[in-house]
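Enquirer: Fold the stuff below for me.
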Amino acid sequence: MEEKTYRYIAVDGPFSCGKRQLAELIADALNAEKLFDDIENPFLEPFYRNVPGSAFQAQLFFLLNRQQLMQNLNQPSLFHEAKVSDFLLEKDRIYAYLNLSDSELMLYEKLYQTLALEEATPDVVVYMQITPETVKANLKKLKNRGGYGLYTISDKYIAELIEAYNTFFFSHYKAAPVIVLNANNLNFEYDKQSFQEFLTILNKTFLGLTYFTPYKSS
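Expert: Numbers count the residues shown, from 1 in each chain. Below is the predicted model:
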């Protein structure tokens with residue numbers, strides 16, 4: 001079967017779902033250029049400590065970094081035909097509406113409308129769907145590894161974030177086809193067969209939502 005040609009694939013999902021790892025695997029499999037979030041956001045730690053104003057600073061840091069990465073989409077590459085990101089630009093608003101005050105949100109929206117690019121629309125989006133319980137388990141592992149503070153996030157916030165992600169992808173996002181990947185207990189690095197099955201799904205032409213549950217995630 002002839003392989004489907006992609007220009008841009010976006011991988012996204014709530015924090016701790018493993019989107020960076022999956023984006024790495026997809027990019028390596030397709031010999032694609034990697035457009036990855038700057039995880040060294042200096043405003044994240046103050047945000048987790050509830051420092052006033054830090055949510056807005058952290059949000060703008062991510063937005064500006066992502067917009068800069070999106071500008072690379074139209075830059076030709078000598079070595080890669082496709083590009084893979086570990087974020088979807090439009091999802092930036094999920095966190096903005098959860099974390100910002102009304103006055104901060106008004107300014108954020110003005111900046112977002114100025115910076116958001118039509119060219120950032122992916123050919124396909126992979127939404128890594130996980131449950132609040134999986135998020136909490138992953139954050140506990142992060143804490144045990146000396147993570148940078150994500151484990152202080154409340155159960156209420158995690159539940160609201162998961163609900164916001166589901167609402168966004170199932171009710172609002174229509175710009176590109178979406179593969180809804182059940183990412184609970186997922187580890188494609190070790191489960192090579194499931195990853196190959198996922199690549200087969202990725203290689204198909206589809207519209208709207210397509211669901212994929214690896215055997216070990218069911």
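Enquirer: show me the contacts for residue 128.
Expert: Contacts for residue 128 (C-beta atoms under 8 Å, 6 or more residues apart in numbering) come out as 11-14, 17-19, 22, 181, 183, 186. Any C-beta I mention is one placed from the backbone N, CA and C, and that applies to glycine too.
Enquirer: Most neighbours among those residues, which one?
Expert: The residue in these with the most neighbours, by other C-beta atoms under 10 Å, is residue 11 (29 neighbours).
Enquirer: Please name the bridge partners of that one.
Expert: Going by DSSP bridges, residue 11 is paired in beta bridges with residue 126.
Enquirer: The contacts of residue 128 in helices, which ones?
Expert: Counting by DSSP state H, the contacts of residue 128 place 19, 22 in helices.
Enquirer: will you turn the contacts of residue 128 into a markdown table that also has pLDDT and distance to residue 96?
Expert: As requested, the contacts of residue 128 are exported to a markdown table (pLDDT from 0 to 100; distance: C-beta to C-beta, whole Å):
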| residue | pLDDT | distance to residue 96 |
| --- | --- | --- |
| 11 | 98 | 20 |
| 12 | 98 | 15 |
| 13 | 97 | 17 |
| 14 | 96 | 15 |
| 17 | 93 | 19 |
| 18 | 91 | 23 |
| 19 | 94 | 18 |
| 22 | 96 | 24 |
| 181 | 96 | 24 |
| 183 | 94 | 23 |
| 186 | 88 | 27 |
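Enquirer: can you redo the contacts of residue 128 as TSV with distance to residue 82?
Expert: Listed next are the contacts of residue 128 as TSV, based on distance: C-beta to C-beta, whole Å:
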residue	distance to residue 82
11	13
12	17
13	20
14	25
17	22
18	20
19	17
22	15
181	18
183	22
186	22
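Enquirer: And the furthest pair within the contacts of residue 128?
Expert: 12 and 186 (14.4 Å; C-beta to C-beta).
Enquirer: ok, so of the contacts of residue 128, who is nearest residue 85?
Expert: residue 11 (6.9 Å).
Enquirer: what's that closest one in contact with, if anything?
Expert: Shown in contact with residue 11 (C-beta under 8 Å, 6+ apart): 19, 22-23, 26, 84-87, 125-126, 128.
Enquirer: Residue 131 now?
Expert: Residue 131 touches 162, 184, counting by C-beta under 8 Å, 6+ apart.
Enquirer: Residue 194 versus that one, what's the distance?
Expert: 19 Å (C-beta to C-beta, to the nearest Å).
Enquirer: separation between the residue lying closest to residue 170 once chain neighbours are set aside and residue 124?
Expert: Spatial nearest neighbour of residue 170, excluding adjacent residues (C-beta to C-beta, 6 or more residues apart in numbering): residue 209 at 7.4 Å. Counting by C-beta to C-beta, the gap from residue 209 to residue 124 is 11 Å.
Enquirer: so residue 127 touches residue 167, yeah?
Expert: No: with contact defined as C-beta atoms under 8 Å, residue 127 does not reach residue 167; the gap is 12.0 Å.
Enquirer: Please identify which of those two sits among more neighbours.
Expert: Just comparing residue 127 and residue 167: by other C-beta under 10 Å the higher neighbour count belongs to residue 127, 26 against 12.
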